[in-house]
Each structure stands twice: as structure tokens, then as C-alpha cells.
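Quick one, fold the following:
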Amino acid sequence: MIIVMRANVDSHDADAVKNKIANLGLEVYESKGLNYHIIGIIGDTSNVDDESFKTMKGVEKVIHVQEPYKRASRLFHPENSIIPVNETSIGGEKLAIIAGPCSVESKSQITEIAIEVKKAGAGFLRGGAFKPRTSPYSFQGLKEEGLEYLKYAKEISKLPIVVELMSADKLEMYEREVDIIQIGARNMQNFDLLRAVGQTRKPILLKRGLSATIEEFLTAAEYILAGGNENVILCERGIRTFETYTRNTLDISAIPVIKRLSHLPVIVDPSHASGIWWMVEPLAMAAIAVGADGLMIEVHNDPKNALCDGNQSITPENFRHLMNSIKEIAQIRNRKL
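I've put the predicted structure just below:
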């Protein structure tokens with residue numbers, strides 16, 4: 001349930017509404033902007049008499065929210081959220097470009113790629129240290145050693161690093177060492193992990209599950225928000241369909257839908273969506289065209305010999321071409337690179 005207060009409502013009137021909600025044993029979520037003041041009610045509102053709120057001073061109207069997600073809803077937070085990351089941010093006018101290899105393979109590899117993508121215009125460096133693989137016999141990442149290499153590449157390139165977290169027992173280390181914590185598609189509904197990252201204030205990049213609906217995706221984000229961490233970035237990375245030509249199918253329609261339903265920034269991973277290197281650029285262009293707040297691109301300096309996902313990785317040269325290709329589209333969308 002959402003209580004819309006009148007513009008420039010007196011603080012005493014707003015406090016009276018919040019106190020009434022608290023006395024009902026429910027949680028208050030307050031959102032303010034230049035032209036709005038919203039008080040949300042979190043919890044079981046089935047027995048709440050909305051008429052009793054409508055008659056309170058300063059209340060303009062009461063809206064019932066049917067969706068299972070509340071804090072992630074644009075009804076609760078009408079303005080787009082901008083997520084701060086060190087000296088930069090994700091969700092504002094500037095597009096967030098995250099680039100790097102699927103897996104960190106060596107110190108020289110990740111450092112060389114970091115320098116190249118930084119030159120081309122990337123704002124963030126991605127790299128897998130702990131890798132969740134379908135097969136137990138596939139390369140599982142360099143783990144702590146890989147994280148040390150990422151930190152070195154960050155020091156050289158000055159790019160914030162994005163690293164996937166697989167289990168809560170590594171969270172304390174990630175809070176110290178990582179700038180954006182990624183929750184992968186396989187863990188989108190790992191509710192214990194979502195609750196754990198909800199307790200930190202680190203930015204969380206949440207990837208959509210392989211077969212998750214948009215409602216399930218936003219409800220997963222709600223777990224993080226409910227813990228008190230409002231720094232959530234969504235990532236559409238393709239879903240499973242009947243099509244077998246591509247690794248997944250990029251749900252391009254999800255971007256405008258999510259932007260309509262939620263205030264959270266949403267970026268697109270065309271590398272995992274397609275699984276094919278030459279499709280990354282056109283899908284990236286399409287993502288920016290429909291309103292994505294950024295991209296997550298797999299870049300490798302030697303894709304043919306990559307230890308992980310070489311087929312979907314583009315070279316630094318192709319990444320530079322991609323960045324040039326999305327410039328005009330970004331301008332049309334009034335976005336900056």
C-alpha cells in the first residue's frame with residue numbers, strides 16, 4: 001500500500017501517518033522528491049483500513065500495490081535510482097560500460113585487458129575469480145589469486161572492479177576488495193545469499209535467472225532491498241527459449257518493461273545472451289536503443305585460447321569498434337559515454 005502525500009506536506013502531518021503505520025506493526029518506506037512525497041507500507045496490509053488514512057491531514061490518495069515487490073517498484077520510488085560506485089555511478093545520464101574477460105587467467109592477461117578497455121571508454125572492469133561452471137571439470141577460476149590479479153589491474157587502470165560472489169562465506173572479503181558484487185544468474189533465487197548481500201551497502205549487480213520471469217527478477221531484487229541495501233543494479237543476460245542457435249535469447253523487451261515497473265538501473269549482457277562473439281555488437285546497440293543504462297561485455301585478448309567462454313568474447317579491437325557503434329545511438333537517447 002502507498003500513501004501519496006500532498007506536495008510540501010507539513011512534516012508533522014507526515015509523521016502522524018508514519019506513526020500510525022508503525023502502531024499497526026508495519027514497516028514504513030518513505031520516498032521524497034521535488035514534486036512528490038510517498039509513504040509506503042511494507043507488510044501484510046490485508047486488514048489495513050485505507051479509508052482511515054485517506055481522511056488524515058496531508059494525504060492526497062491511497063494506492064494498493066498488487067505486485068510482490070515493493071521497494072523495487074516505481075510506485076514506491078518514482079525517480080530513477082542512481083547507484084554510486086566510488087567516484088562514479090550507474091543509472092544516470094552516463095552509460096555504464098563494464099568490460100573484461102569471463103575469467104581472470106593471469107596477472108598479465110587481466111592487466112592488459114584492463115588497459116585496453118579503459119582506453120576504449122569502459123568505466124568498469126569485470127573478471128571472474130570464482131567461477132560457477134555447469135561442468136565440475138571445467139575451469140573454476142583462480143579464486144583468491146585471481147582476485148589479487150584483479151586488484152592489481154584496478155590499481156593500474158583505475159577502473160572499479162565487478163566480481164561474482166558465489167557464497168556468503170566470502171562476503172566479508174568481497175566487501176573489502178570488490179567495488180561491485182555480482183550475483184550470477186544461477187544464484188538469482190539463492191535467498192540466503194540475497195539476504196546476506198542485503199546486509200552490506202556495497203553495490204550489487206543482480207543477473208536475471210536463466211528462466212526467471214520479470215516479476216521473479218524484481219522480487220529477487222526485493223530481498224536485497226528489504227535488507228537495507230538500496231544499491232541494486234539489474235542485469236538482463238538472456239533467458240532460455242526453444243531457440244538453440246544462440247546460447248540464450250536476449251529479452252530485449254525486458255528493458256523497457258523493467259524501466260516502467262522499477263526505478264532500479266538495468267544493464268544488458270549481450271555476451272551471455274548470444275554466446276556468439278559477432279552478435280555482441282548488434283545486441284549491444286539494440287540494448288542502448290531501448291533504454292538500457294549500460295552494458296556488460298566480455299573482452300579477451302586471445303579468445304581462441306580463452307579458458308572460459310571464448311566463443312562469446314570479443315577482442316579489444318572489436319570492443320573499440322563496438323564503443324564507436326553505440327555512440328550515435330547513445331546521443332539519440334540523450335545518454336553519454
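
Relative to the whole chain's centre, how far out is stretch 155-171?
Its chain's average C-alpha position is 14 Å from that of stretch 155-171, according to CA atoms, centre = their mean, to the nearest Å.

Let me see the contact set for residue 335.
Residue 335 is in contact with 93, 94, 95, 288, counting by CB atoms under 8 Å, 6 or more residues apart in numbering. Where you see a C-beta, it was placed from the backbone N, CA and C, and this is true even at glycine.

where does residue 233 sit relative to residue 271, distance-wise?
17 Å (CB to CB, to the nearest Å).

same question but for residue 46, I mixed them up
Distance, residue 46 to residue 271, using CB to CB: 44 Å.

In terms of packing, which of those two has more residues around it?
Higher neighbour count among residue 46 and residue 271: residue 271, with 29 against 6, using other CB atoms under 10 Å.

Then that one would be within a strand, right?
No. Secondary structure of residue 271 (DSSP: H, G, I helix; E, B strand; the rest coil): helix, not part of a strand.

Just the buried ones from the contacts of residue 335?
Buried positions within the contacts of residue 335, assessed by neighbour count (16 or more other CB atoms under 10 Å), are 94, 95, 288.

ok, then the element right after the helix or strand in which the last one is found?
Under the assignment given by DSSP states H and E, the secondary-structure element containing residue 288 is helix 277-289. Sequence-wise, the next helix or strand downstream of helix 277-289 (DSSP H and E) is strand 294-298.

backbone phi and psi for residue 259, please?
As for residue 259, its main-chain torsions (degrees, to the nearest 10) stand at phi -60, psi -30.

Please save the CA atoms from stretch 77-88 in CSV.
Provided in CSV are the C-alpha atoms of stretch 77-88 (Å, rounded to 0.1, in the frame of the first residue of the first chain):
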residue,chain,number,x,y,z
HIS,A,77,10.2,5.4,-5.8
PRO,A,78,9.1,7.4,-8.9
GLU,A,79,12.5,8.8,-9.8
ASN,A,80,15.3,6.7,-11.4
SER,A,81,17.8,5.4,-8.8
ILE,A,82,21.4,6.3,-9.4
ILE,A,83,23.8,3.9,-7.7
PRO,A,84,27.1,5.4,-6.5
VAL,A,85,30.2,3.4,-7.2
ASN,A,86,33.4,5.0,-5.8
GLU,A,87,33.8,8.3,-7.8
THR,A,88,31.3,7.3,-10.5
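
Give me the residues contacting that stretch.
Here stretch 77-88 makes contact (CB under 8 Å, 6+ apart) with 31, 33, 36, 38, 71, 89-92, 94, 96, 123-124, 160, 179-180, 203, 230-233, 263-265.

Name the nearest residue to the residue nearest the centre of the chain, sequence neighbours excluded.
Closest to where the C-alpha atoms of the chain average out (CA atoms, centre = their mean) is residue 233, at 2.0 Å. In this structure, residue 233 finds its nearest non-sequential neighbour in residue 205, 4.7 Å apart by CB to CB, 6 or more residues apart in numbering.
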